[in-house]
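Student: give the three-dimensional model of this entry:
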Amino acid sequence: MKIINYKDIDKDFFSKIEFENIESVNEVISKVKTFGDNAVREYTKKFGDGDIENFKVSEKEIEEAIKSVNSQTKETLQYAIKNVGEFAKAQLNSIKELKIEISGNILGHKIIALDSVGCYIPGGNYPLPSSAIMTIVPAKTAGVKRIIAMSPKIKPVTIAAAYMAGADEIYKIGGVQAIAAMAYGTETIKKVNKIVGPGNKYVTAAKKYVYGECGIDFLAGPSEVMIIADETANIDFIAADMLAQCEHDKDARAFLICSSTELAKKVDKKAKEYLKELPTKNIAEISYDKSYAVIIESIEDAIKLSNEKAPEHLELCFKDTEKYINKFTNYGSLFIGNYSAEVFGDYVSGTNHTLPTNQVSKYTGGLSIFDYIKIQTYQIINSDLINQTAKNASVFAEQEGLFAHKLAADIRII
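Tutor: Have a look, this model is predicted:
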């Protein structure tokens, strides 16, 4: 971990990952769009996910997967499903259908669930049953009619999680070909209205490519955490939380923003002690070495730095956090206090772990119930008060030079 002073930060610290068109991604999507199942099979085999004849996980395979998962794991999955579901339901209940009278006319909006969504569940480095829960449970809670799950090299625990969370269809394919299949459809896989879920740079580039053909949640880069700490923070907790991000992949990053070099050195020492025994050391060590500790002089420096970096996970581990919480505005999810570990948000607390990275939190929050619904407006124009509405619309139409618009308004004037 590099230790630097706040004044020495340069533009590279704030650099973003650019998701330019990757030629191989374009090729895969084009072939899947044209040749359907055959192209999916070709690329699934080519990219090392096996020679798969039947993409869909069968009922028998689901039964066997659930039987193979031990009772403690099943209870843990149910605990997470319950918490994520309750939070999603509370979010849904926070939005109400609207009906209001304005200038004598009735206006409003309705809340309508999407017809179908595709949930991408990564499975390259590790099985991620938690991502199945995070993407599927809110869809089920929202009332989405058809929920499909896609995951490469899918493990029994991921199959079990997807089924228990409420997926209607589960497919054992991943990568760019899975995104293309969900976006355009194949002989086996019916296309979806929206694709959600995390993935590597190829999956992300594919989501960018198909956006417009269907919706997506957002474009996210490698995982990241920023921890703002002072002398009241727990050194062991900080070191563990930093490594928890670093073990995701070699491009993950952890940022410690703290009040003294001494504190940073203590965290660094503890992190290196943990690394010696960490089974994921081969990945975590690489990303940890590229991570930063930034020494600040004031909390205002931390706020400015955080809002500009817009981290995926933001942990506040300093005294009097309540005085400053509202000044932090750009983050994927916020963890307040020494015991609010980012790992709890990853798995079981109830908030969603599919979060914006790469400064995307400057314009959107994380995956939530709101990604699975549409808020659609309606109006009922009062015929007894038509003249006021029509005459004002006619003036606008004439100013814009749209005379068919003007006609459509004028012929309604009584």
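
Student: what are the phi and psi values at the closest residue to residue 5 other than its chain neighbours?
Tutor: Spatial nearest neighbour of residue 5, chain neighbours left out: residue 295 (5.1 Å); criterion: C-beta to C-beta, 6 or more residues apart in numbering. Quick note: C-beta positions are derived from backbone N, CA and C, even for glycine. Residue 295 adopts backbone torsions of phi -90, psi 120, taken as degrees, to the nearest 10.

Student: could you pull out the strands for the stretch 301-414 of the chain?
Tutor: In the stretch 301-414 of the chain, the strands defined using DSSP state E, counting those that start in this stretch lie at 313-317, 333-336, 373-380.

Student: adding distance to residue 345, mean pLDDT and mean neighbour count, write those out as JSON lines.
Tutor: Formatted as JSON lines, these follow (distance: least, C-beta to C-beta, whole Å; pLDDT from 0 to 100; neighbours: other C-beta atoms under 10 Å):
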{"stretch": "strand 313-317", "distance to residue 345": "7", "mean pLDDT": "98", "mean neighbour count": "26"}
{"stretch": "strand 333-336", "distance to residue 345": "5", "mean pLDDT": "98", "mean neighbour count": "19"}
{"stretch": "strand 373-380", "distance to residue 345": "22", "mean pLDDT": "97", "mean neighbour count": "12"}
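
Student: closest one to residue 230 among these?
Tutor: Set against residue 230 and scored by C-beta to C-beta, those come closest in strand 313-317, at 7.5 Å.

Student: other SSEs contacting the closest one?
Tutor: With contacts defined as 3 or more C-beta pairs under 8 Å, 6 or more residues apart in numbering; DSSP states H and E, the packing partners of strand 313-317 are strand 224-229, helix 235-246, strand 333-336, helix 342-347.

Student: the same query, at a cut-off of 6 Å, please.
Tutor: strand 224-229, strand 333-336 (3 or more C-beta pairs under 6 Å, 6 or more residues apart in numbering; DSSP states H and E).

Student: now the ones you listed in TSV, with distance to residue 259?
Tutor: Below are the helices and strands packed on strand 313-317 laid out as TSV (distance: least, C-beta to C-beta, whole Å):
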stretch	distance to residue 259
strand 224-229	8
strand 333-336	18
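
Student: of all these, which one is nearest residue 87?
Tutor: strand 333-336 (11.7 Å).

Student: number of residues surrounding the residue nearest to residue 5?
Tutor: 20 (other C-beta atoms under 10 Å).

Student: look up how far residue 367 lies from the residue most central in space within the chain.
Tutor: Taking C-alpha atoms, centre = their mean, the centroid of the chain lies closest to residue 354, which sits 3.1 Å from it. From residue 354 over to residue 367 the distance is 4 Å, taken as C-beta to C-beta, to the nearest Å.

Student: could you do residue 293 as well?
Tutor: 30 Å.

Student: which of these two has more residues huddled nearby?
Tutor: residue 367 (27 against 23).

Student: picking up where we left off before, and the strands of the stretch 301-414 of the chain: which comes nearest residue 57?
Tutor: Once the strands of the stretch 301-414 of the chain are compared by C-beta to C-beta, strand 373-380 is nearest, at 27.1 Å.

Student: residues touching residue 168, list them.
Tutor: Residues in contact with residue 168 (C-beta atoms under 6 Å, 6 or more residues apart in numbering) are 146, 147.

Student: ok, now with 10 Å
Tutor: The contact partners of residue 168, by C-beta atoms under 10 Å, 6 or more residues apart in numbering, come to 116, 136, 139, 140, 144, 145, 146, 147, 148, 149, 162.

Student: so which of those would you say is closest to residue 363?
Tutor: Closest to residue 363, out of all of the contacts of residue 168 and judged by C-beta to C-beta, is residue 139, at 22.6 Å.

Student: what count of nearby residues applies to that closest one?
Tutor: 32.

Student: just say helix, strand or coil for it.
Tutor: helix (DSSP: H, G, I helix; E, B strand; the rest coil).

Student: surely it and residue 117 touch.
Tutor: Yes - contact criterion C-beta atoms under 10 Å: residue 139 and residue 117 qualify, at 5.1 Å.

Student: residue 228 versus residue 301, what's the distance?
Tutor: 10 Å.

Student: ok, residue 123 next?
Tutor: Distance from residue 123 to residue 228, by C-beta to C-beta: 33 Å.

Student: ok, the two, which is more surrounded?
Tutor: Set side by side, residue 123 and residue 228 show more neighbours around residue 228, with 27 against 22, by other C-beta under 10 Å.

Student: surely that one meets residue 255?
Tutor: Yes - assessed by C-beta under 10 Å, residue 228 is found in contact with residue 255 at 9.1 Å.

Student: which neighbours do these two share?
Tutor: The contact lists of residue 228 and residue 255 share 294, 305, 306, 311, 314, where a contact means C-beta under 10 Å, 6+ apart.

Student: residue contacts, the second one?
Tutor: Just to be clear, that refers to residue 305. 6, 9, 13, 14, 226, 228, 255, 257, 294, 296, 311.

Student: which of the residues you listed are buried?
Tutor: Buried members of the contacts of residue 305, scored by 16 or more other C-beta atoms under 10 Å, are 9, 226, 228, 255, 257, 294, 296, 311.

Student: and the residues you listed, which of them are in helices?
Tutor: Among these, none falls in helices (DSSP state H).
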